[in-house]
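S.K.: got a predicted model here, sequence first, then my questions.
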Amino acid sequence: MFSRLRRRDGRQGEPVTFAAGAGLVSARLRDEAGNPLAGAEMTLRHKRGPRVFRAVSDDYGLAVVTAATGTYQVTIGAGGYREVTHTVDVASGDHTSLGDVELYPDASVRLPGPGRWVIDPDHTSIRFVARHIGLSRVHGRFTRFHGSINVGERIENSSIEVVIDAASIDTAAEKRDEHLRSPDFLDVERFPKIHFFSDRAQRVAGDRWHIDGTLNLRGASRGVRLDASYLGLRSWNGDRLGAIAKTELHREDFTINWQQTLAKGLVVVGSTIELRLDVQAVRGV
């Protein structure tokens, strides 16, 4: 079985194949300005059974999913946008196109007002992931840090500052942590603090932001872009805001060059470090 999806210029593209007893559902997702919306999720839930099928839109806003025949509720959503729902009947060998689907901002997700917000270390995590001998991932975190977010009159002019105690690195392995504190890696005796500062934020779409700043690590300063998602405001022991963010660092950029090589050139520690942050901040404390 096959179907054809239309290309961006309106012409038919290459055929898309799928199994007998299944059909194809597609949608081209756009934001409130009519631009393609990447990263939105389209979920099909069968009306009479447990079957669920999902797809995520690509850089052109196209989401395509193959599903078994039946009647489905289709939910389309993205962070910071109101969900859109449809009902579709999936027929064997058939292609059902929802066409262009526009998503609109969720007005209930309010941005924070101007002022100072202090990061709550008890409800914030700074974590990292590194590759080990190409087989597994080592997960770690920093347990001591402080920081603040100063929200400007224009939120794009807000500033963020975070200071991390480098010696607080924790990978749940004492000998490894001692090595990571040594001059081979963080060299915490000479460089006890890791510092991040940003005064540039740019909204990408919905709840997604780019935060550009400078990271000073092991005496080297480099520009870093955080891909962030704003989670909204809550009241609990004060007014709170939430956000998550991630980025990738190349440790050689910060002169962390220690390495061992196994047979056939396989390295012990990967070059790329994934950094992930879950942040809660409290207003005016």
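M.R.: Happy to help now that I have it. Predicted model only: the values in this text are computed from it and were never measured. Numbering: from 1, shown residues only.

S.K.: ok, Phe53 - contacts?
M.R.: By Cβ atoms under 8 Å, 6 or more residues apart in numbering, the contact set of Phe53 is Thr43, Leu44, Val65, Thr66, Ala67, Tyr72. The C-beta positions use only the backbone N, C-alpha and C, and glycine is treated the same way.

S.K.: are we agreed that it is in a strand?
M.R.: Yes: with DSSP: H, G, I helix; E, B strand; the rest coil as the criterion, Phe53 is assigned to a strand.

S.K.: ok, it to Ile76 distance?
M.R.: Going from Phe53 to Ile76 by Cβ to Cβ, to the nearest Å gives 13 Å.

S.K.: what do the two both touch?
M.R.: Residues touching both Phe53 and Ile76 (Cβ under 8 Å, 6+ apart) are Thr43.

S.K.: quick revisit: tell me the two of the contacts of Phe53 that are most distant?
M.R.: Thr43 and Thr66 (13.7 Å; Cβ to Cβ).

S.K.: please parse the chain into its domains.
M.R.: 2-102, 115-283 (automatic domain parsing).

S.K.: isn't Thr96 right next to Val74, touching?
M.R.: No: taking contacts as Cβ atoms under 8 Å, Thr96 lies outside contact range of Val74: 9.3 Å.

S.K.: the two: which is more packed in?
M.R.: Comparing Thr96 with Val74 by other Cβ atoms under 10 Å, the one with more neighbours is Val74, at 23 against 18.

S.K.: from Asp106, how far out is that one?
M.R.: Relative to Asp106, Val74 is positioned 19 Å away (Cβ to Cβ).

S.K.: and Ala40, by the same measure?
M.R.: For Ala40, the distance to Asp106 - Cβ to Cβ - is 13 Å.

S.K.: pick out whichever of the two has more residues nearby.
M.R.: Ala40 (26 against 17).

S.K.: so that one makes contact with Ile76?
M.R.: Yes: counting by Cβ under 8 Å, Ala40 does reach Ile76; the two are 6.2 Å apart.

S.K.: need the overlap of contacts for the two.
M.R.: Listed as contacting both Ala40 and Ile76 by Cβ under 8 Å, 6+ apart are Leu29, Ala63, Leu103.

S.K.: what subset of the residues you listed is buried?
M.R.: By neighbour count, with 16 or more other Cβ atoms under 10 Å, the shared contacts of Ala40 and Ile76 hold Leu29, Ala63, Leu103 as buried.

S.K.: now flag whichever of the residues you listed is closest to Ala172.
M.R.: Using Cβ to Cβ, these come closest to Ala172 at Ala63, 38.6 Å.

S.K.: tell me the helix or strand right after the helix or strand harbouring the closest one.
M.R.: Ala63 belongs to strand 62-68 when assigned by DSSP states H and E. Going down the chain from strand 62-68, the next helix or strand is strand 70-77, by DSSP H and E.

S.K.: mind listing the strands for the stretch 51-200 of the chain?
M.R.: 52-56, 62-68, 70-77, 84-90, 95-102, 115-119, 125-132, 136-142, 145-151, 159-165, 169-170, 193-205 (DSSP state E, counting those that start in this stretch).
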